[in-house]
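Participant: Please work out how this folds:
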Amino acid sequence: MEWGYAIAGLAVGFIVGLTGVGGGSLMTPILLWFGISPATAVGTDLLYAALTKMGGVTVHHRQGHVDWRIAGWLTAGSVPAALLVLAGLSYLHLPEKMLDTLFKLVLGVALLLTAAAILGKPLLLRWLGRAGAASPSFEPRIGLTVATGVVLGVLVTLSSIGAGALGTLALFLLYPALPTSRLVGTEIAHAVPLTLVAGLGHAGLGNVDFPLLLNLLAGSLPGIWLGSKLTRRLAEGWLRPALAVMLAVIGGKLVL
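Facilitator: Below is the predicted model of the structure:
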C-alpha cells in the first residue's frame, strides 16, 4: 500500500506539473478512494500542499511573479479564518461520523467550484480580452481581497481545496489588469502560509498521517518535475477539461 501511495503521488504530481491544476483537488479524492478517512485525507493533504508549494514560491519570486501586497491582504483574511475554524473543530468535539459528513460535504462543494473555475477561466480570459500582456497597474481592493481570503481560509481548512484554482480565479476577477502569471504566483505565495497553518492545526487535532505524507511526497516531487518539463499543449487541448469533468462528477457524488 505504501507503493500505492507513492504511485498516487507520482501521478498527481505529474498532472500538477503538466496542467497547473491544484494537487488538493486530485489528491484528497484519491485518498478517500484508498479508504483514508475524510478528516485524515484533508489534514494530510494540507501539509502535502504546503510542502510542495514552497519551492514554487521561490521560483515565482525570483521571476517577479509575486505581488506581496495582495498576498498579504489575502493572508490577513485566510489565516485568522483557518484558525477560527480549527478552534471551532477543537471546541465542538464533533462525533467522527458527523465530522466525516461535514468534510465530505465541503469537499464536494469545493470540487464542483474548482471544476467550474477550470472550465470558466478560459472563457473569462477571452471575455475580458486578456490574451495579451496587460498593464501591471491596478486599483487596490483591500477589503474585498481580505474577504476573499476569509472565504478561502474556511474552504481550504475544511476541504484542503480552493487555494489554487479558486484563489487564482478570485484574484483574476478582483485584479483584471494584472498579468495571469503574476496572479498565479501571488496565489501560490498566499497558499503556503494558509495550507501550512491549516495543516499544522489538523496535525494538532490528530488528522495527519505522517508516514502517508512521506510516501506521497516521495512520488509527487519527481512527478511535478517531470510534468513541468513537458509541453502544456496537451493539457490545454483536452486534459484540463477532462479533469474538470472528473472533479465535477466526484464532487457531485460527495454532495449527493
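Participant: Show me what whichever helix or strand residue 48 is part of is packed up against.
Facilitator: Per DSSP states H and E: residue 48 is located in helix 38-62. Identification of packing neighbours for helix 38-62 by 3 or more C-beta pairs under 8 Å, 6 or more residues apart in numbering; DSSP states H and E yields helix 23-33, helix 96-127, helix 142-159, helix 180-204, helix 210-229. From N, CA and C alone the C-beta is placed, and that goes for glycine too.
Participant: Mean neighbour count and distance to residue 43 for those - can I get that in JSON lines?
Facilitator: Shown next, in JSON lines, are those (neighbours: other C-beta atoms under 10 Å; distance: least, C-beta to C-beta, whole Å):
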{"stretch": "helix 23-33", "mean neighbour count": "24", "distance to residue 43": "10"}
{"stretch": "helix 96-127", "mean neighbour count": "18", "distance to residue 43": "10"}
{"stretch": "helix 142-159", "mean neighbour count": "21", "distance to residue 43": "10"}
{"stretch": "helix 180-204", "mean neighbour count": "22", "distance to residue 43": "3"}
{"stretch": "helix 210-229", "mean neighbour count": "18", "distance to residue 43": "9"}
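Participant: List just the one of these that sits closest to residue 57.
Facilitator: With distances scored as C-beta to C-beta, the stretch of the helices and strands packed on helix 38-62 nearest to residue 57 is helix 180-204 (5.1 Å).
Participant: between the helix holding residue 48 and helix 96-127, how many degrees?
Facilitator: 30 degrees (axes from the mean of the first three to the mean of the last three C-alpha atoms, to 10 degrees).
Participant: so how far is helix 38-62 off the chain centroid?
Facilitator: 8 Å (C-alpha atoms, centre = their mean, to the nearest Å).
Participant: go on, stretch 167-177?
Facilitator: Centre to centre, stretch against its chain (C-alpha atoms, centre = their mean), the figure for stretch 167-177 is 15 Å.
Participant: what do you get for stretch 155-175?
Facilitator: Stretch 155-175 has its C-alpha centroid displaced from the chain centroid by 7 Å (C-alpha atoms, centre = their mean).
Participant: please begin residue numbering at 30 from this point
Facilitator: Let's use 30 as the start, then, which means that last one is stretch 184-204.
Participant: and the gap between the residue lying closest to residue 129 once chain neighbours are set aside and residue 40?
Facilitator: Spatial nearest neighbour of residue 129, excluding adjacent residues (C-beta to C-beta, 6 or more residues apart in numbering): residue 67 at 4.7 Å. To residue 40, residue 67 is 21 Å away according to C-beta to C-beta, to the nearest Å.
Participant: Could you do residue 280 as well?
Facilitator: 19 Å.
Participant: Which one of those two is surrounded by more residues?
Facilitator: residue 280 (23 against 17; other C-beta atoms under 10 Å).
Participant: so which helix or strand takes in the more buried one?
Facilitator: helix 269-284.
Participant: per-residue confidence averaged over that helix?
Facilitator: Mean pLDDT, helix 269-284: 70.
Participant: for stretch 89-103, same thing?
Facilitator: The model assigns stretch 89-103 a mean pLDDT of 87.
Participant: where does the stretch 180-285 of the chain have low pLDDT?
Facilitator: Residue ranges of the stretch 180-285 of the chain with pLDDT under 70: 256-273, 275-276, 282, 285.
Participant: hang on, the earlier thing: nearest to residue 115, of the helices and strands packed on helix 67-91?
Facilitator: That would be, of those and by C-beta to C-beta, helix 209-233, which comes in at 3.8 Å.
Participant: and the angle for that closest one with helix 52-62?
Facilitator: 40 degrees.
Participant: quick one, helix 209-233 and helix 171-188 angle?
Facilitator: Going by the same axes, to 10 degrees, helix 209-233 makes 50 degrees with helix 171-188.
Participant: Identify each buried residue in stretch 69-83, please.
Facilitator: The neighbour-count check on stretch 69-83 (16 or more other C-beta atoms under 10 Å) flags 69-82 as buried.
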